[in-house]
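[1] my questions concern the predicted model and sequence given below.
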Amino acid sequence: MNPHQVDAALFALKSPLSKGVLLADEVGLGKTIEAGLVISQRWAEHKRRIILIVPASLRKQWQQELFEKFSLRSTIIEAATYKAMKKDKIARPFEAADGIVISSYEFAARKADELRVVKWDLVVFDEAHRLRNVYKKGGSQRAKELKAALQDPFKILLTATPLQNSLMELYGIVSVIDEEHFGGENAFKAQYSGASASPSALDVLKERLAPICHRTLRKQVQKAGHINFKRRNARTFTFDPSADELMLYNSLSAFLQRKDSISYGDKANQLVVLQVRKILGSSTFAVASYLDKLIERLRRKERATLDITDDVEGIEISFEEADIDDEADEVEAIDPVKLAAEIAELETYLDLARSIGSNAKGEVLLHQLPTVLDEIANKGGKRKAVIFTESVRTQTYLNELLSKHGYAGQIVLMNGSNADLASKDVYAAWKERHKGTDKISGSKSADMKAAIVEAFKGDDKAILIATESGAEGINLQFCSLIVNYDLPWNPQRVEQRIGRCHRYGQLIDVTVVNMLNLKNQTEQRIHDLLAHKFHLFEGVFGASDEVLGTLVSGLDFEREVLRIVQDCRTPEQAEFEFGVLKSSIEDTINADMEAARAKVLGALDAEVIAKLHHREAELATSVPEFRQRLLTIAKAELPGAAFPAPDSQRFDLDGLTFTTEWPIADDNDWQFLRVSDGLGLEIVEAAKARDHASQSAALTFRPDDFPYAGQMGAVKDLAGQSGWMRVFRAVMPTPDALREDLLIACISDAGALISGEVADKMFMVPAKGTPSLAQTAPDEAALKVIEQTQFAAFSDKIKNENFAWIQAEEDRLDRYAVNRRANGTPYRRAKGTPFHDGARLIGHAPLRCARRREGGARP
């Protein structure tokens, strides 16, 4: 957790009257963490109807991040889970889901009517630039449906590219949060983007965006010294396929281009053909497996459908993004002679595929992998590599190949099922090792991934071979070498792969190896586009915001490549079409728009850096103190807890080690103690359940026993004194939530007032009950005065915050009225609803307090 992330979360939570915010930090700054902090706060407030609408390929990643970093459980609702819930007679799956709901844009839009009836407490849109053209008549219908269905709830929109080609995109994306923020589309055009806009229009627009949009740049975070970004460096392993491999590829490629085949028909399903093209480029073993299934289907007189391309994992994501049905068509009026000839032709290709025992691509990887692993080790990284393939059959081949040549016992696999014996053994050992701990989530798929990652992290494993869907949602920042054995056509998928390793916590530069077939024009052109237009493989930040921002869907890009591959009959024609595609990709926005974006969305570096340093100082104080208070509760509630030292941040209990420091817990396989779940939640709830309202307690505070020298000077100054303390809870309702705080009235027997801050610190030092302590009668009048003074300060603080919220809302409405009038549309603002001003105190009996002198007993 970094200061800029906390700053963004506080921005989102600042006003109960806000309809939502746009968090637009640049790529690589952790917008997921920012949203997670807000989600955690809402969850803690028991506002738990929360939905995340994200790209289909990011659903599992969000699920994993929420669980690992925030201990928040979630349910992914997709077609399969929705049908299963309906089958179980659950009328409203989105309301009945366990925990937070995660859904793709496509599925959520399809179920917009069901989303509309749920009273959501929070809606989060990831990759929200998908919504920025929602204002256009010809804009995305899905975006329009989601906007209409989710008008009322508080929304967080996450995107690094809220503005790409037109200022009107800002209007579109902000209108999803608040339709009235800018006074309507015509008013926005007239004031900010049209020919009549004044020279100062961008300054005014920046001011209008300030309450709703928060953006931090990477250079600002880097200058503040909070993140040391690592580079990614590209390596290319080229290979020449054998004559048989080339013949197999060319023959099947020509077969796929035919319009008269029984296998695919004259109107082939694009996704089927796309998947088969991926299989062709993966390995001859994957090709053989596919041909086996296709021939079997033809013998049943059925065409090829997606289910026989299941060797390529992740198809369900493409299927959902495409939002299509995949029905198996029976072949009507079939010519038996033609069918027999087609099966015979495919059997010839199958025999050829089976006859190829060695793949040039695999051999090149085998011979060059040790060199690049040595380079990683020489740079200080771990001698590990994650190898990505799109085919489960190719994964098996690579496992066998590498195991036979020096890597036996050093490989783990990750795919959608992990049904192999080695993975089952890893999982069983992991479950036994973590029996009785919160490491086990109860979800077999999530726990299997955790087991595989933990095994790969160990010293005895060097290679992880992962498929697309298998690697979703995992973090591998301890690995610095990525091998794209099969290179996806989708730039967003490539970025997600690299992001598994090139992320916060990576200690050295990441090396990205791409396998490149010198005889395959399609693969060469795709590699060129990904490397030189999308800038995926080199630099500190990888793919630029501008270029990835041009893609609403990576699947659309894949389809365009497929069109070229399927339609072009000559290399020259294909080269021309790839050139057209390359020129259509904008790797920079025009200079005027770039300047406009910097002015409207940017902030002065010095200003931002100063704010981040201030936030860092706050965290440096508040986080350790929060941890110490939680450990203090642990000491009080867990008499069996063994702390190695008085100032230790960890303790042992029932054979487990608990700590409040998450990175240390993760590195040492300890339990992370936090207030939101597990043991931390148990002890806090136990402490809260104790009723001391009618009790008086006599305590002797022992500041000398406090292990942090110099931090409790104000408390130590009270040594030798005694007095009375009363703790009470102040409560005040606000439009957003019940505001409450613990206040402390404290006075010495000599009549000296002790500030609430000092009294609060007293609870951080060790104390012992002393029933025999001689007691004087409390000065009730003095305690009452202190109590009322502190409560008045608490009440004034809340009232001032309320007033600031009201003022900000009035200003927003006034500006909206100005926009409407400028557009010739009258607007009358209704009278605001007054805030509730009531507050109450919940009192507790006083504590009889005494201080021990330094080095001796109390006199």
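    Nice, I can see it.
[2] stretch 43-60: end-to-end distance?
    Stretch 43-60 has an end-to-end distance of 20 Å (criterion: C-alpha to C-alpha, to the nearest Å).
[3] which parts of that stretch are buried?
    By neighbour count on 16 or more other C-beta atoms under 10 Å, the buried set for stretch 43-60 is 43, 47, 49-60. In short, each C-beta sits where N, CA and C put it, glycine included.
[4] next: stretch 645-662.
    649-651, 657-661.
[5] and those residues, which is closest to residue 90?
    Nearest to residue 90 out of the buried residues of stretch 645-662 is residue 658 (C-beta to C-beta; 37.3 Å).
[6] what residues are up against that closest one?
    Neighbour list for residue 658: 634, 641, 650-652, 670-673, 679 [criterion: C-beta atoms under 8 Å, 6 or more residues apart in numbering].
[7] ok, longest helix in the protein?
    The residue-count maximum for a helix in the chain (DSSP state H) belongs to helix 780-822.
[8] average pLDDT for that helix, rounded please.
    If you average the pLDDT over helix 780-822, you get 79.
[9] can you check stretch 647-664 too?
    Per-residue pLDDT over stretch 647-664 has a mean of 87.
[10] who does the longest helix of the chain touch, helix- and strand-wise?
    Using 3 or more C-beta pairs under 8 Å, 6 or more residues apart in numbering; DSSP states H and E, the elements in contact with helix 780-822 are helix 185-188, strand 722-733, strand 738-748.
[11] mean neighbour count and distance to residue 362 added to these, as JSON lines?
    As requested, those are exported to JSON lines (neighbours: other C-beta atoms under 10 Å; distance: least, C-beta to C-beta, whole Å):
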{"stretch": "helix 185-188", "mean neighbour count": "19", "distance to residue 362": "56"}
{"stretch": "strand 722-733", "mean neighbour count": "20", "distance to residue 362": "67"}
{"stretch": "strand 738-748", "mean neighbour count": "18", "distance to residue 362": "63"}
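[12] outline the domain layout of this structure.
    3-223, 691-859 (automatic domain parsing).
[13] can you list the ones you listed in CSV and add distance to residue 413?
    Formatted as CSV, the domains of the chain follow (distance: least, C-beta to C-beta, whole Å):
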stretch, distance to residue 413
domain 3-223, 17
domain 691-859, 47
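[14] of all the ones you listed, which lies closest to residue 273?
    domain 3-223 (20.0 Å).
[15] and the closest one, end to end?
    Terminal residues of domain 3-223 are spaced 13 Å apart (C-alpha to C-alpha).
[16] work out the gap between that domain and the centre of the chain.
    For domain 3-223, the separation from the chain centroid amounts to 13 Å (computed by C-alpha atoms, centre = their mean, to the nearest Å).
[17] nearest to residue 18, of the buried residues of stretch 43-60?
    Once C-beta to C-beta is applied, the member of the buried residues of stretch 43-60 that ends up nearest residue 18 is residue 47, at 14.2 Å.
[18] any idea how far the closest one lies from residue 76?
    From residue 47 across to residue 76, the span is 21 Å (C-beta to C-beta, to the nearest Å).
[19] again, but for residue 752
    60 Å.
[20] in terms of neighbours, single out the busier of the two.
    residue 76 (20 against 11; other C-beta atoms under 10 Å).
[21] got a list of what the more buried one touches?
    Contacts of residue 76 by C-beta under 8 Å, 6+ apart are 59-60, 63, 102-103.
[22] narrow those to those in helices?
    When DSSP H is applied, the contacts of residue 76 are split such that 59-60, 63 fall in helices.
[23] can I get those residues in CSV with distance to residue 404 and pLDDT?
    Shown next, in CSV, are the ones in helices among the contacts of residue 76 (distance: C-beta to C-beta, whole Å; pLDDT from 0 to 100):
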residue, distance to residue 404, pLDDT
59, 37, 86
60, 32, 83
63, 37, 88
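[24] how many neighbours does residue 518 have?
    Under the neighbour criterion other C-beta under 10 Å, residue 518 is assigned a count of 12.
[25] go ahead and confirm it touches residue 524.
    Yes - with contacts counted by C-beta atoms under 8 Å, residue 518 reaches residue 524, the gap being 7.5 Å.
[26] tell me where the model's unsure across the stretch 151-300 of the chain.
    For the stretch 151-300 of the chain, the stretches with pLDDT under 70 are 164, 194-199, 226.
[27] what ranges does it have for its strands?
    155-158, 213-214, 232-239 (DSSP state E, counting those that start in this stretch).
[28] so where do the helices sit in the stretch 201-350 of the chain?
    Remark: helices assigned in the stretch 201-350 of the chain by DSSP state H, counting those that start in this stretch are 201-209, 218-223, 243-257, 270-282, 284-299, 315-322, 336-355.
[29] sorry, back to before: most neighbours per residue, which of the strands of the stretch 151-300 of the chain?
    Most buried of the strands of the stretch 151-300 of the chain, by mean neighbour count (mean count of other C-beta atoms under 10 Å): strand 155-158, with a mean of 25.
[30] who's in contact with that one?
    12, 19-24, 31-32, 34-35, 38, 122-128, 131, 173, 176-177.
[31] mind listing what it pairs with, with the direction of each?
    Applying DSSP bridges to the sheet, strand 155-158 is found paired with strand 20-23 (parallel), strand 122-125 (parallel).
[32] could you tell me the least trusted of those?
    strand 20-23 (a mean of 92).
[33] just the residues contacting that one, thanks.
    For strand 20-23, contacts defined as C-beta under 8 Å, 6+ apart pick out 8, 11-12, 31, 34-35, 123, 128, 154-159, 162, 173-174, 177-178, 212-215.
[34] element containing residue 428, please.
    Element membership for residue 428, per DSSP states H and E: helix 421-433.
[35] run through who's touching that helix.
    Outside helix 421-433, the residues touching it (C-beta under 8 Å, 6+ apart) are 412-414, 418, 440, 447-448, 450-452, 454-455, 669.
[36] quick one: mean pLDDT over that helix.
    Here the average pLDDT along helix 421-433 is 93.
[37] just the CA atoms of it, as CSV, please.
    C-alpha atoms of helix 421-433 as CSV (Å, rounded to 0.1, in the frame of the first residue of the first chain):
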residue,chain,number,x,y,z
LEU,A,421,-0.8,-36.6,-10.7
ALA,A,422,2.1,-34.3,-10.0
SER,A,423,-0.3,-31.3,-9.5
LYS,A,424,-2.5,-33.5,-7.3
ASP,A,425,0.5,-34.4,-5.1
VAL,A,426,1.5,-30.7,-4.8
TYR,A,427,-2.0,-29.8,-3.8
ALA,A,428,-2.3,-32.6,-1.2
ALA,A,429,1.1,-31.6,0.3
TRP,A,430,0.0,-27.9,0.4
LYS,A,431,-3.3,-28.8,2.2
GLU,A,432,-1.5,-30.8,4.8
ARG,A,433,1.1,-28.1,5.3
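[38] nearest to residue 347, of the buried residues of stretch 645-662?
    Taking C-beta to C-beta as the measure, residue 657 is the one of the buried residues of stretch 645-662 closest to residue 347, at 60.9 Å.
[39] is that closest one in a helix, a strand, or coil?
    With DSSP: H, G, I helix; E, B strand; the rest coil as the basis, residue 657 sits in strand.
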